[in-house]
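> Fold the following for me, if possible:
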Amino acid sequence: LWTVNDVSTSFLMIKFYENLFKLDNLEAGDVAIALNQAQKWLRNLTIEGLDRFLEEHKPQIEKVLAQLRVGQRKNIEESLKLIKQRQPLPFANPYYWAGFTASGR
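Prediction:
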């Protein structure tokens with residue numbers, strides 16, 4: 001619904017698809033529920049939780065970063081440093097999680 005942050009959007013979408021993957025058969029409303037759960041997760045994510053998330057997804061993150069140009073990689077690394085300075089909940093602001101809606105099944 002508005003311009004969003006690349007890093008927080010990546011985290012939100014990873015969690016959203018993890019939530020969807022946990023469902024055996026999609027039923028009406030499941031997509032919206034999975035997105036809402038991911039939004040709540042991101043909104044309440046602590047610095048410690050972020051560190052665990054980054055460690056858990058380290059191989060995938062490194063693979064993506066390796067495909068980027070040096071300048072892009074530095075921008076993301078700099079963004080992560082700034083994110084970790086936003087204590088205690090770096091993504092509490094709706095800017096990071098509220099710009100998404102679910103439609104369809």
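> CA atoms for contacts and neighbours, from now on please.
Fine.
> tell me the SS of residue 33?
Following DSSP: H, G, I helix; E, B strand; the rest coil, residue 33 is assigned to helix.
> Could you report the separation of it from residue 98?
14 Å (CA to CA, to the nearest Å).
> Extract the CA atoms of stretch 21-36 and return them as CSV.
Provided in CSV are the C-alpha atoms of stretch 21-36 (Å, rounded to 0.1, in the frame of the first residue of the first chain):
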residue,chain,number,x,y,z
PHE,A,21,4.3,-24.0,4.5
LYS,A,22,3.1,-25.3,7.9
LEU,A,23,-0.4,-25.6,6.6
ASP,A,24,-1.3,-28.9,5.0
ASN,A,25,-4.4,-27.8,3.0
LEU,A,26,-5.1,-24.1,2.4
GLU,A,27,-8.6,-23.2,3.4
ALA,A,28,-10.5,-19.9,3.1
GLY,A,29,-8.8,-17.2,5.2
ASP,A,30,-5.5,-19.1,5.7
VAL,A,31,-3.4,-16.7,3.5
ALA,A,32,-4.7,-13.7,5.5
ILE,A,33,-4.1,-15.5,8.8
ALA,A,34,-0.5,-16.5,7.7
LEU,A,35,0.2,-12.9,6.7
ASN,A,36,-1.3,-11.5,10.0
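> mind listing what's buried in it?
Buried residues in stretch 21-36, defined by neighbour count with 16 or more other CA atoms under 10 Å: 30-32, 34-36.
> same thing with stretch 38-50?
For stretch 38-50, by 16+ other CA under 10 Å, it's 38-47, 50.
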